[in-house]
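S.K.: Give me coordinates for this.
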Amino acid sequence: MIKTTPLLLWLCLLAVCGSGRVLAASDLPILDIQAMQNEASFDETKGLVVVSNGVCVTYTETNSVTILTARTAGINRVTGDIFAQGDVHIQHDDQTWVGEELHYNYLKSTVGGEKFRLGQNTVFVGGDGLGGKGKGTNAIYQGTNGIITTDDYSDPSQKVRAKRFTIVPNHYVEAHDATLYVGKVPVFYFPYYRHSLVQSPNHFTFLPGYRSIYGPYILSGYDWYWDQHLQGAIHFDYREARGFGGGPDLKYDYGSLGEGTFRYYYARDHKPGTNIDGSAIARDRDLVNFTYSSTPSTNLTILSQVAWQKDQYVVRDFYESQYKRDIQPATYLDANQYWQNWSLDAIAQPRVNPYWDTVERLPDVRLTGFRQQIDGTPLYYESQSSLGYFRRRFSDTNNSPSNYFASRFDSFHQITLPQNYFGWLNFTPRVGGRLTLYDSATGPGAYSTSQSRGVFNTGAEVSTTISRVWAGEQNAFWDVDGIRHIFQPSVNYVFVPRPNIDPSKLPQFDYELTNSLRLLPLEYPDYNSIDSLRSQNTIRYGANNRIQTKRNGEIEDLVNWGLYMDWNLRTRPDQRTLSDIYSDLSLRPRTWLILGSTTRYNIDQGQFNLAEHHVTLQPNNTWNWSLGHTYLRSGTIFGTGDNLFSSVYFYRLNENWGTRLAHYFDANSGRLQEQDYTFYRDMRSWTAALTLRALSNVGKAVDYGVAFSFSFKSFPRYGLGADTVHSAELLGN
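M.R.: This is a model prediction of the structure:
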């Protein structure tokens with residue numbers, strides 16, 4: 001058994017096929033025969049081609065490509081038979097066949113040979129007397145005296161030896177009279193053995209470790225597979241300082257009927273802690289998470305989620321990675337029907353967790369008319385209308401009886417007139433208006449009566465695109481093959497007179513965020529804070545610079561720099577004449593070097609309110625290093641601010657060992673906020689990782705953690721890159 005790497009094989013096949021074309025057909029299916037040394041003989045009457053000293057045969061059908069390489073081959077273009085000898089490789093979809101002598105028929109998709117090896121979906125098979133035929137789901141192959149393994153080495157550490165076996169690609173491998181070997185020692189006999197090629201087999205998982213807040217712990221589970229539609233896991237966890245916990249996970253996929261996940265977790269917590277208001281958290285803690293998505297008909301999409309938690313910190317305490325991704329997950333049902341010019345959305349969003357502020361939508365229905373031409377005129381029309389019943393409910397922990405409820409109807413309509421002058425200047429004036437009706441609000445915090453608000457808006461946008469190409473510019477050091485500079489300036493003027501009703505007299509369901517890190521949209525309907533609409537007399541300036549080159553046959557941005565700011569011609573109490581200047585910059589001077597910068601600069605005070613910079617170096621597959629700095633000025637709308645430095649370094653010591661070092665330093669408090677050290681070990685058919693972490697949050701003792709995790713290559717525990725992006729998962733969180 002040899003290691004089979006499909007990507008590497010593809011690259012080798014492309015390299016082999018790089019010279020000496022013999023013949024090709026023009027219509028599908030296409031047979032392409034290429035000789036490396038141009039050593040070929042023809043017999044046109046019989047349709048025979050014999051190639052020696054290197055041959056590559058490509059057979060292309062609709063949605064399928066088969067590539068055969070060998071030292072010598074005889075091809076019969078009439079019958080479709082190929083008799084190949086010498087280091088024969090056949091690549092068909094995700095299957096790789098290897099042997100010294102193989103017979104392949106590309107018309108019938110049959111394959112045969114005395115000695116062969118097959119790699120597919122992390123399962124490798126080798127044996128004698130191969131024979132089989134068929135395409136796609138109808139393919140079936142049989143062999144004798146073979147081995148089956150998930151270990152991608154020539155001498156696998158564990159394998160199943162079988163007298164005879166059957167292979168159904170993309171479905172299963174079936175063996176009779178089989179024996180399991182660990183090394184060279186037989187340990188178990190199977191009269192019948194079956195291994196799926198479409199899912200991970202049922203198996204147990206264990207993750208032992210230690211954390212200051214848990215004490216010694218072990219997180220265990222049993223992953224199971226019912227069929228391609230339903231699979232899941234059952235968790236059994238024990239944390240010495242916190243007690244037992246566990247529950248089931250489900251993952252389902254029933255095609256047009258929908259797909260999604262379900263999770264229930266219960267913990268009998270010995271040290272649950274306190275809520276944000278200081279009240280004690282109950283020892284019985286549990287959570288339910290359910291997701292569903294489906295496309296029951298063309299352009300109809302349904303999405304839903306239920307995220308219920310017994311208390312506001314149960315996810316933080318037991319699913320740290322999930323908590324960092326979404327601190328306050330919403331519960332909702334959203335249905336969308338899309339047409340060419342229209343879209344209809346209906347969303348229901350109840351509150352299931354009383355300790356969070358929530359705007360309930362019970363329901364909210366919105367009809368959107370996309371920008372569309374009006375009966376062949378130069379005018380374009382767009383609109384957005386919605387009707388809903390809303391309930392603004394504040395957290396029960398603040399003891400404030402300020403909840404209020406109301407219905408609202410809103411309808412917005414706008415006409416635009418896109419024009420182009422001189423072939424390069426774009427000018428788009430617009431005029432629109434909206435009407436919003438509110439009924440009398442109810443509830444203990446109600447303060448508004450029935451209202452009818454009208455809003456008029458107008459404005460215009462001017463933009464252009466200027467570009468120039470220097471095709472002959474070459475620079476090997478900076479990997480430059482030609483230069484193209486694209487400059488896109490724009491000026492957007494928005495005028496909205498003062499509405500007839502001030503927002504303070506209206507119930508606030510869709511309100512403006514006051515602590516946004518970026519400039520909010522100016523134009524309607526992109527600006528969707530319906531209940532916070534106020535006067536606007538503003539010019540937004542924008543400019544985007546892109547410098548591009550060609551690398552590996554594709555266009556790539558060397559520089560992409562966007563600048564924008566607002567000039568408020570008539571300021572409101574919450575505005576300055578000139579807003580902050582916002583900058584988004586990305587540089588890629590080499591394919592392996594990426595630099596990024598996002599800043600927000602206060603012109604009046606001459607200081608940065610926001611600065612985020614990062615650089616990533618990945619010159620090879622041996623090491624990579626990411627450095628970053630995030631700064632938020634304290635005392636502004638962002639509260640206490642932030643000043644965080646980060647470093648994530650990965651180094652591959654050799655084929656078997658690797659390490660990842662991550663550090664996060666909080667300059668405000670002078671603390672090394674987080675340290676992560678992970679050591680990886682490739683152990684042939686499985687990989688192991690030892691992780692150590694020290695977490696120092698403000699006002700809390702340092703939380704030390706260590707965990708040992710392992711994952712079989714044939715059914716990996718983590719998705720690609722998950723251990724880097726969500727490093728807490730290596731600790732089982």
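
S.K.: Can you name the residues in contact with stretch 529-541?
M.R.: Taking contacts as CB atoms under 8 Å, 6 or more residues apart in numbering, the residues outside stretch 529-541 that touch it are 408, 410, 434, 436, 453, 455, 457, 489-499, 502-503, 506-513, 519-520, 522, 563-570, 572. From N, CA and C alone the C-beta is placed, and that goes for glycine too.

S.K.: In PDB, please show the C-alpha coordinates belonging to that stretch.
M.R.: What follows is stretch 529-541, C-alpha atoms only, in PDB (Å, rounded to 0.1, in the frame of the first residue of the first chain):
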ATOM      1  CA  SER A 529     -33.400  52.200  11.200                       C
ATOM      2  CA  ILE A 530     -37.100  53.000  10.400                       C
ATOM      3  CA  ASP A 531     -38.100  54.300  13.800                       C
ATOM      4  CA  SER A 532     -35.000  56.600  14.100                       C
ATOM      5  CA  LEU A 533     -35.400  58.500  10.900                       C
ATOM      6  CA  ARG A 534     -34.300  62.100  11.300                       C
ATOM      7  CA  SER A 535     -33.200  65.000   9.100                       C
ATOM      8  CA  GLN A 536     -30.100  64.500   6.900                       C
ATOM      9  CA  ASN A 537     -28.200  67.000   4.800                       C
ATOM     10  CA  THR A 538     -25.000  65.200   4.100                       C
ATOM     11  CA  ILE A 539     -22.400  64.600   1.400                       C
ATOM     12  CA  ARG A 540     -20.500  61.300   1.500                       C
ATOM     13  CA  TYR A 541     -17.100  61.300  -0.200                       C
END
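
S.K.: Look at the spatially closest residue to Thr295 that is not a sequence neighbour and give its secondary structure.
M.R.: Once flanking residues are discounted, Thr295 sits nearest to Thr301: 5.5 Å by CB to CB, 6 or more residues apart in numbering. Judged by DSSP: H, G, I helix; E, B strand; the rest coil, the three-state class of Thr301 is strand.

S.K.: Check Thr301 and give its pLDDT.
M.R.: For Thr301, the pLDDT comes out at 95.

S.K.: ditto for Ile374
M.R.: 95.

S.K.: hang on, the earlier thing: how close does the residue nearest to Thr295 sit to Gln337?
M.R.: 8 Å (CB to CB, to the nearest Å).

S.K.: Where do the helices of the protein begin and end?
M.R.: When assigned using DSSP state H, the helices of the chain occupy the ranges 6-16, 314-318, 320-325, 722-725.

S.K.: coming back round to it: roughly how far does the residue nearest to Thr295 sit from Ser294?
M.R.: In terms of CB to CB, Thr301 sits 8 Å off from Ser294.

S.K.: Would you mind telling me which of these two has more residues around it?
M.R.: Ser294 (18 against 15; other CB atoms under 10 Å).

S.K.: That one touches Ile302, doesn't it?
M.R.: Yes - counting by CB atoms under 8 Å, Ile302 is a contact partner of Ser294 at 5.0 Å.

S.K.: who's Val49 bridged to?
M.R.: Counting by DSSP bridges, Val49 is bridged to Phe42, Ile75.

S.K.: Same check on Trp308?
M.R.: Val288.

S.K.: where in the stretch 201-350 of the chain is pLDDT low?
M.R.: Where the stretch 201-350 of the chain drops to pLDDT under 70, the residues are 201.

S.K.: Leaving aside the residues adjacent along the chain, what's closest to Phe204?
M.R.: Tyr222 (5.4 Å).

S.K.: what bridges to the one you found?
M.R.: Under the criterion used here (DSSP bridges), Tyr222 is bridged to Phe204, Ile234.

S.K.: doesn't Gln231 make contact with it?
M.R.: No - with contact defined as CB under 8 Å, Tyr222 and Gln231 do not form a contacting pair (11.6 Å).

S.K.: and the two? which has more neighbours close in?
M.R.: Gln231 (18 against 14).

S.K.: Look up how far His613 lies from the more buried one.
M.R.: 42 Å.

S.K.: If you tally nearby residues, what's the number for the nearest residue to Ala280 once chain neighbours are set aside?
M.R.: Once flanking residues are discounted, Ala280 sits nearest to Thr274: 5.8 Å by CB to CB, 6+ apart. Number of residues near Thr274 (other CB under 10 Å) recorded here: 11.

S.K.: Over to Ser279?
M.R.: Neighbours of Ser279 (other CB under 10 Å): 10.

S.K.: for Gly278, same thing?
M.R.: Neighbours around Gly278, by other CB under 10 Å: 7.

S.K.: dump the residue contacts of the nearest residue to Phe487 once chain neighbours are set aside.
M.R.: Spatial nearest neighbour of Phe487, chain neighbours left out: Ile466 (4.6 Å); criterion: CB to CB, 6+ apart. With contacts defined as CB under 8 Å, 6+ apart, Ile466 is in contact with Trp424, Ile486, Phe487, Gln488.

S.K.: and these, which two are the farthest apart?
M.R.: Farthest pair in the contacts of Ile466 (CB to CB) is Trp424 and Ile486. Separation: 12.9 Å.

S.K.: Any idea what the residue nearest to Thr295 is bridged to?
M.R.: Beta-bridge partners of Thr301, as defined by DSSP bridges: Asn336.

S.K.: ok, it to Tyr217 distance?
M.R.: Counting by CB to CB, the gap from Thr301 to Tyr217 is 40 Å.

S.K.: thought Arg77 was touching Leu31?
M.R.: Yes - under the criterion of CB under 8 Å, Arg77 makes contact with Leu31 at 6.5 Å.
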